[in-house]
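Asks: structure for the following, please:
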Amino acid sequence: MSKSPKRPSIIASFGALSADINAAAPTAAEQPPVAPPTPASRVGAGVIGVAHRAISDIRSERDRLQAMLDSGGSGFVEIDPALVDPSPFPDRLPDDSDADYRQFRESFAAEGQKVPIQVRTHPDAAGRYQVIYGHRRLRAAQDLGRKVRALVFDMSDRDLVVSQGIENASRQDLSWIERALFAARMEAAEIKPRDIKAALSIDDAELAKMRAVYRVVPVDVVEMIGRAPRIGRPRWGEFAKLLAGNQALETVRKTLSDARDRGDSNDRFQLALSALVSVSPDPAEEVEVLDGSGVRLGRLRVTPKELKLTADTARGAAFAAFVQGQLPALMERFEALEQTK
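Replies: Got it, this is the predicted structure:
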């Protein structure tokens, strides 16, 4: 989708960042003095809130904005972290340990906030915001009692999840299930499949594999397991197949509830998988169907969900047709027997 040359870009909406975005970003030596930001710091709804804006447009504006910030631009506002709510579409699961965050917070305290977070105006609460990305910076500012520097946008739900997806695609530490879970949340928000694939840089085959997991494994089970960074798609696929094939969901939930404070998320995944394997249904029981003389007519396969009669001979096929014709009478006998219990 091509952009109208008259429509302002994100960067042009920040007074001090209104330099020509089509020109190459200046080097440190060439950079002119930056004028103070204008009072209007919030981007108009027509800039990025358009429901059908192309993914390439969003990614391009993000990259251009980052380039201007890296070269010393301004345009952010300072916000009380208490006024910023989480994104309605979480894209990260909690870390197994707070050690990395504590190290980040120490650096944040010593060096200050170098890059502003991005927020949108809250669609339902006047004077409040929702974070697009920069969750750790927001948390650190809140912990340290500081205001957080932020770029403020008016943004639709669709553009919010796509923007988060673009940001996530550049991260190297997202686990497979975090990416799959975010795809699920975009799908739940009625984001088109082509936009989900573009946001996460995946193809049809990978999206299909994600769907095979997140359409079977409930979100609460994924959240109880956690990030599981060492668990990739093949093992999550195995987990989903086992879960779809039996009635063990409550067993898995109980196992994970009991293991809430034991081990890390990789360990919890293994515990849940072991619980599934332990209660998987026995292999189907198959018996021979013999006539009164002991001649085999076919095979009867019985599982908790299936009753299958396979004929091996012409006489076996005739017997199968006879059984089919007797089903109404058998059902009457079954119901009469139930009433006597």
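
Asks: when you work out contacts or count neighbours from here on, use the C-alpha atoms and nothing else.
Replies: Fine.

Asks: okay, now the domains of the chain?
Replies: What automatic domain parsing lists as the domains of the chain is 1-174, 175-281, 285-326.

Asks: could you dump those into a markdown table and include distance to residue 339?
Replies: Below are the domains of the chain laid out as a markdown table (distance: least, CA to CA, whole Å):
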| stretch | distance to residue 339 |
| --- | --- |
| domain 1-174 | 52 |
| domain 175-281 | 28 |
| domain 285-326 | 20 |
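
Asks: put together TSV for these, with mean pLDDT on each row.
Replies: Formatted as TSV, the domains of the chain follow (pLDDT from 0 to 100):
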stretch	mean pLDDT
domain 1-174	68
domain 175-281	88
domain 285-326	85
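
Asks: please enumerate the helices of the stretch 201-341 of the chain.
Replies: 204-214, 219-225, 233-244, 249-258, 265-278, 314-339 (DSSP state H, counting those that start in this stretch).

Asks: relative to residue 126, which of these is closest?
Replies: helix 219-225 (30.2 Å; CA to CA).

Asks: show which residue of this structure lies farthest from the average position.
Replies: residue 293 (60.7 Å; CA atoms, centre = their mean).

Asks: re earlier: quick one, which of the domains of the chain gets closest to residue 338.
Replies: Counting by CA to CA, and looking across all of the domains of the chain, nearest comes domain 285-326 at 18.4 Å.

Asks: is it possible to get JSON lines of the helices of the stretch 201-341 of the chain that adds distance to residue 186 and mean neighbour count?
Replies: Listed next are the helices of the stretch 201-341 of the chain as JSON lines, based on distance: least, CA to CA, whole Å; neighbours: other CA atoms under 10 Å:
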{"stretch": "helix 204-214", "distance to residue 186": "12", "mean neighbour count": "16"}
{"stretch": "helix 219-225", "distance to residue 186": "14", "mean neighbour count": "17"}
{"stretch": "helix 233-244", "distance to residue 186": "19", "mean neighbour count": "17"}
{"stretch": "helix 249-258", "distance to residue 186": "25", "mean neighbour count": "16"}
{"stretch": "helix 265-278", "distance to residue 186": "24", "mean neighbour count": "19"}
{"stretch": "helix 314-339", "distance to residue 186": "47", "mean neighbour count": "12"}
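
Asks: tabulate those helices (CSV), appending distance to residue 302.
Replies: Formatted as CSV, these follow (distance: least, CA to CA, whole Å):
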stretch, distance to residue 302
helix 204-214, 27
helix 219-225, 30
helix 233-244, 18
helix 249-258, 23
helix 265-278, 20
helix 314-339, 15
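
Asks: nearest to residue 106 among those would be which one?
Replies: Per CA to CA, nearest to residue 106 of those: helix 265-278, 25.3 Å.

Asks: longest strand in the chain, by residue count?
Replies: In the chain, taking DSSP state E as the definition, the longest strand is strand 296-303.

Asks: quick check: buried residues in that one?
Replies: Using 16 or more other CA atoms under 10 Å as the test for burial, strand 296-303 gives 296-299.

Asks: what residues does stretch 92-100 touch?
Replies: Residues from elsewhere that reach stretch 92-100 (CA atoms under 8 Å, 6 or more residues apart in numbering): 174, 178, 223, 226-227, 264-265.

Asks: I'd like to know which of the buried residues of strand 296-303 is nearest to residue 164.
Replies: residue 299 (54.9 Å).

Asks: spit out the contact partners of the residue lying closest to the closest one once chain neighbours are set aside.
Replies: Leaving out its chain neighbours, the residue that sits closest to residue 299 by CA to CA, 6 or more residues apart in numbering is residue 288, at 4.6 Å. Counting by CA under 8 Å, 6+ apart, residue 288 touches 296-300.

Asks: in terms of contact, does residue 185 touch residue 157 like I think?
Replies: No - using CA atoms under 8 Å, residue 185 is not in contact with residue 157, being 11.1 Å away.

Asks: next, the closest residue to residue 101 other than its chain neighbours: secondary structure please.
Replies: Computed as CA to CA, 6+ apart, the closest residue to residue 101 that is not its neighbour in sequence is residue 136, at 7.4 Å. Here residue 136 is helix, with the state taken from DSSP: H, G, I helix; E, B strand; the rest coil.
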